[in-house]
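Undergrad: Mind folding the following:
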Amino acid sequence: MKVRSGQGRAQGERLRAYGELRRIEQVLPAARAEIIAAADAIVAEAALAEMKTTSIDELKDFGATVGPLQSAGFRKVADLGGHTELSLQRYRGIGEVTAAAALQAYRTFEVSAKARVRQQLVGLRQGHAGAGRPALERAQAERVIGEEEILDGIGHALAGALATRVDEPVRARLMGDRKSTRLNSSH
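TA: Numbers count the residues shown, from 1 in each chain. Sure thing, here's the model as predicted:
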């Protein structure tokens, strides 16, 4: 059979597009890791900024006795950063129980602050990613959804760039139903 030159060129374009797609698929895991690391750094920085401006009094809500901390000169939640139970016990008036409760409250506040930042970054409403779940579970679900939304954006951009180079079945597969995939993967 003789192949028309138009079909041969189309086949060549298809093969080049598939090759480019394979190359992109190899690069995406590293790009995903970089995006996740960058997002984590942004969340940590924003949470630390919140902790630097939040009064140590707020740790009462997380189970800490703040009187001895205030007497020792702690004013902001971030002031507890880098401390251990032993280092806190070196301050006058802070014993083993107060130090342990303060650090537990600090860690809980930090997790809560990071969850709030992620929620703001992703733009999730309270009920979207697990209403009724404990805050830590909700934060993890929100992180997964946030990462998936970032990756979906990259995927759509790549698929859009390749759209003119690939035939309809490949384009449909690239542009597939990402929303249902994302929602299913986060549960």
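
Undergrad: Please enumerate the helices of this protein.
TA: Along the chain, counting by DSSP state H, helices occupy 5-53, 67-71, 85-89, 96-122, 135-162, 168-175, 178-185.

Undergrad: Between those, which has the poorest mean confidence score?
TA: When the helices of the chain are compared by mean pLDDT, helix 178-185 comes last with a mean of 44.

Undergrad: Mind splitting this structure into its structural domains?
TA: Residue ranges for each domain of the chain read 29-122, 131-187, as given by automatic domain parsing.

Undergrad: Give me the distance between A105 and M51.
TA: Per CB to CB, to the nearest Å, A105 is found 12 Å from M51. For the C-beta atoms, the positions are set from N, CA and C on the backbone; glycine is no exception.

Undergrad: Specify which residue of the two has the higher count of neighbours.
TA: A105 (23 against 19; other CB atoms under 10 Å).

Undergrad: Distance-wise, check that one relative to R22.
TA: A105 sits 50 Å away from R22, going by CB to CB.

Undergrad: Please give me every residue in contact with V77.
TA: Contacts for V77 were tallied using CB atoms under 8 Å, 6 or more residues apart in numbering; they are M51, K52, T54, S55, I56, E58, L59, Y106, F109.
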